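1. sequence? don't have it. structure:
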């Protein structure tokens, strides 16, 4: 009588991991804006670019969106919607619409 022992040896799989620092990029309309300094907050970056792009002050910031090795933030123009007071000389509309 012979005994056969089977061993289930699991092969050790080594996976390597690479750590990359992602750089920030800002976009306004179709313009790509480089990060003035990684130490600045998003609001400080907005202030820095407002000298060149005044509309950026009221822009909505979205992101970050990871694209490749970059974190991309988008500045989108704020859309101003005027209320009824703009049509009635600064006095709020007090009537009713039928």
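-> Everything's here; your move. Everything quoted here is computed from the prediction, not taken from an experiment.

2. quick one: contacts for residue 25?
-> Residues in contact with residue 25 (CB atoms under 8 Å, 6 or more residues apart in numbering) are 32-35, 67, 70-73. Quick note: C-beta positions are derived from backbone N, CA and C, even for glycine.

3. Shouldn't it be within a helix?
-> No. Read with DSSP: H, G, I helix; E, B strand; the rest coil, residue 25 is strand and lies in no helix.

4. quick one: it and residue 70, what's the gap?
-> Computed as CB to CB, to the nearest Å, the residue 25 to residue 70 distance reads 5 Å.

5. closest to residue 53 among the contacts of residue 25?
-> Closest approach between the contacts of residue 25 and residue 53, by CB to CB: residue 33, at 8.3 Å.

6. burial measure for the closest one, as a count.
-> Neighbours of residue 33 under the rule other CB atoms under 10 Å: 18.

7. residues of whatever helix or strand it lives in that come out buried?
-> Using DSSP states H and E, residue 33 falls within strand 31-34. Across strand 31-34, burial judged by 16 or more other CB atoms under 10 Å covers residue 33.
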